[in-house]
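Colleague: Sequence and predicted structure, then a few things I'm wondering about:
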Amino acid sequence: MDRTNLLLFISCPMIHMFISCLATNILNITTDQSALIVFKSQFEHNHSKVLARNWSSDTPICSWIGVTCSSHHQRVQAINVSNMDLSGIIPPQFGNLSFLVSLDMSGNKLHGNLPQELARLKRLKFISFSFNRFSGKIPSFSEAMPNLQHLLLGNCSFSGSIPPSLSNISKLETLDLMYNLLEGMIPVEIGNLGSLKSLSLRGNKFSGPIPATIFNISTLEKVDFTYNSLSGEIPAEIGNLANLESMDLNNVGLNGPIQSFIYNISTLQSLYLGGNNLTGNLPMEICSQLPSIQGLYLYENRLTGSIPRELENCEIPSEFGNLLNLETLDLQTNYLTYIPAAIFNISTLKSLSVLENNITGSLPSTMGQKLPSLREIFLGQNNITGSIPDSISNASRLTRLSLVANKLTGRIPNSVGELKFLDFLNLGQNGFTSEASEMSFISSLTRCRHLRNLWVGRNSFSGYLPESIGNFSSSLEQLRLGNRLSGPIPDGICHLPNLGELTMSNNKFYGPLPACLGNDTSLRYLNLDSNELNSSISPTIGGLRDLLEFNLFSNFLSGPLPLEIGNLKAVTLMDLSMNELSGSIPSTIGGLSNLINLSLAQNRLQGPIPDSVSNMFRCALLTIITDPSKRQFLLLL
């Protein structure tokens with residue numbers, strides 16, 4: 001054979017192979033394009049306008065928005081059409097995208113079932129269908145996707161149970177099934193996912209115990225089972241999670257003790273165990289055992305004993321870069337008895353809550369001096385004694401302060417008024433007193449221009465309410481002052497344009513009911529009962545057209561009921577009993593069609609009940625006692 005024939009003999013097969021490969025490549029690109037064109041045809045008319053215009057058969061598929069092709073094979077390698085307002089279904093033709101490695105369609109309005117044909121995509125490493133409207137069961141991808149590393153199916157509407165075959169995806173690192181309608185028990189087979197780092201089953205309907213096999217996955221860094229209906233104890237195997245950074249088991253129904261093995265996980269940064277029925281004590285060495293802890297949430301359990309004195313030593317280690325300390329400490333609704341003063345030295349602390357415990361002792365005199373970052377402090381419903389230290393003003397960023405229902409005494413320091421960002425202040429149900437004829441702390445608080453809620457009721461204040469009360473900013477919405485205050489109600493109370501609630505019950509206010517209250521049109525709740533007010537009810541009261549509750553019972557109010565009382569169209573409860581009101585009941589009262597409870601008992605009213613009362617169809621209880629005849633009328637409609 002001569003050289004020419006030999007070259008032809010060698011070259012022809014190579015040319016044939018080249019042409020065959022080229023034809024196959026063209027066919028595959030066409031296949032990818034066809035699959036996406038089918039998907040595009042599912043778009044509803046008013047959505048997906050960007051892709052509807054861009055995904056055109058007239059342009060190369062690799063130039064389409066959200067499509068990335070492999071430079072080597074010129075096949076579709078990645079699709080990212082997240083948050084593009086897509087609607088419709090995913091067609092089974094997606095199973096033909098055989099070179100697909102990454103598929104992100106999250107944040108759309110896709111619905112229907114996921115096609116089983118997706119299991120043919122053996123190269124897939126990343127899938128995200130989160131935040132869509134899918135239904136049906138989670139497809140059984142099984143070992144058909146050997147390379148899958150991240151599976152995100154959260155915030156959809158998948159139902160049924162977790163297919164145990166998911167445990168065959170040996171390379172899976174992230175499994176996110178949060179906020180679906182999944183139920184049943186968590187399959188023990190999940191423990192076979194030896195590469196798993198993040199597991200989230202939050203917000204489903206799972207029941208039964210937490211499988212101990214899950215805690216044999218030594219690679220786990222994040223576990224989130226919050227808002228399910230699990231039962232039983234925390235498995236002791238939790239101590240195997242040497243790389244765990246965050247565990248969220250809030251509100252899942254667990255009981256028994258907090259496993260001591262948890263405190264051996266030195267990498268743990270956040271531990272959420274609130275809203276369960278866990279028992280036992282916190283170990284005294286909690287912080288040395290958990291040197292990386294940032295957030296510790298143990299509220300609403302049945303823990304006993306003391307808060308460990310060592311707690312203030314919890315801080316992020318220096319290798320994280322900036323030696324920050326604990327930011328949030330929430331231990332509310334337990335049976336804890338002691339809170340160490342050193343907690344108030346944690347300079348990075350932003351939120352502290354030990355509401356509803358049995359905490360005793362007094363507040364440290366240096367409270368606030370080392371809390372420059374503090375935003376919220378909730379110490380209410382305990383047994384704390386002593387007074388509020390002046391140093392509280394040093395917590396200059398404080399927005400919410402609640403010490404309600406303790407045994408605090410003494411004066412409220414004027415330094416509270418230096419908290420310029422204060423939004424909410426609740427000092428009610430204590431034993432606070434006032435030293436002067438006027439409560440000076442009220443005047444100091446008017447400097448808090450963001451204050452919306454001021455609750456200091458059920459204390460032992462005496463003296464007068466200062467006229468400066470009208471100097472509060474327009475932000476004030478709620479004012480509660482039930483104490484032993486006396487004197488007239490100052491007209492300054494009428495200068496609060498956004499006040500929605502005024503409660504000054506159980507004091508000794510006397511004199512007139514301020515006529516200007518009728519100008520506070522934002523009022524929804526007006527409670528001035530159990531005082532010594534001794535004027536008539538001004539016709540201006542009719543200006544409170546949005547008032548819901550009107551309590552003036554147990555005063556010395558006299559004179560007739562004004563006709564304008566019929567303007568209170570929104571009122572549901574009106575109690576004017578135990579006064580000295582006289583005259584007849586105005587017929588306009590029948591226009592109060594939203595009334596549920598009306599009491600005019602123990603007054604000096606005379607004459608018949610107006611016929612218009614029959615129009616008050618929603619009135620559940622109407623009680624009227626006319627003094628001369630001591631006749632009682634009880635009307636149930």
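Modeller: Yep, it's here.

Colleague: For the rest of this, base every contact and every neighbour count on C-alpha atoms.
Modeller: Will do.

Colleague: where are the low-confidence patches of this structure?
Modeller: Scanning the chain for pLDDT under 70 picks out 1-27, 43-49, 141-143, 309-325, 436-437, 616-637.

Colleague: 80 - rerun?
Modeller: Within the chain, the ranges that satisfy pLDDT under 80 run 1-29, 42-53, 140-143, 283-294, 306-326, 335, 338-343, 345, 435-438, 613-637.

Colleague: ok but Ser34 is inside a helix, no?
Modeller: Yes: assessed by DSSP: H, G, I helix; E, B strand; the rest coil, Ser34 belongs to a helix.

Colleague: any idea how far the residue nearest to Gln369 when sequence neighbours are not counted is from Asn471?
Modeller: Leaving aside its chain neighbours, Gln369 sits nearest to Asn394 (5.1 Å; criterion: CA to CA, 6 or more residues apart in numbering). Counting by CA to CA, to the nearest Å, the gap from Asn394 to Asn471 is 24 Å.

Colleague: Show me which of those two is the more surrounded one.
Modeller: Asn394 (20 against 17; other CA atoms under 10 Å).

Colleague: my guess is the more buried one contacts Pro372, does it?
Modeller: Yes: assessed by CA atoms under 8 Å, Asn394 is found in contact with Pro372 at 7.0 Å.

Colleague: Show me what Asp330 is bridged to.
Modeller: Counting by DSSP bridges, Asp330 is bridged to Tyr297, Ser353.

Colleague: Quick one: residues in contact with stretch 275-289.
Modeller: Applying CA atoms under 8 Å, 6 or more residues apart in numbering, the external contacts of stretch 275-289 come out as 250-258, 263-266, 293, 298-314.

Colleague: Select from the residues you listed every entry located in strands.
Modeller: Asn255, Gly256, Pro257, Arg302, Leu303 (DSSP state E).

Colleague: How about the contacts made by the fourth one?
Modeller: What that stands for is Arg302. Asn277, Leu278, Thr279, Gly280, Asn334, Tyr335.

Colleague: Check the last one too.
Modeller: Contact criterion CA under 8 Å, 6+ apart gives Leu278, Thr279, Gly280, Asn281, Leu282, Asn334, Tyr335, Leu336 as the residues in contact with Leu303.

Colleague: buried subset of those residues?
Modeller: When the contacts of Leu303 are checked for burial by 16 or more other CA atoms under 10 Å, the buried set is Leu278, Asn281, Leu282, Asn334, Tyr335, Leu336.

Colleague: follow-up on the earlier one: which ones are touching the residue nearest to Gln369?
Modeller: Contacts of Asn394 by CA under 8 Å, 6+ apart are Gly368, Gln369, Lys370, Leu371, Pro372.

Colleague: before we move on, what about Gln478?
Modeller: Applying CA under 8 Å, 6+ apart, we find Gln478 in contact with Arg452, Asn453, Leu454, Trp455, Leu499, Gly500, Glu501, Leu502.

Colleague: can you tell me the distance between the two ends of stretch 600-613?
Modeller: Across stretch 600-613, first to last residue, CA to CA, it's 13 Å.

Colleague: Hmm, I typed the wrong one, I wanted stretch 250-266.
Modeller: Note: stretch 250-266 ends 21 Å apart using CA to CA.
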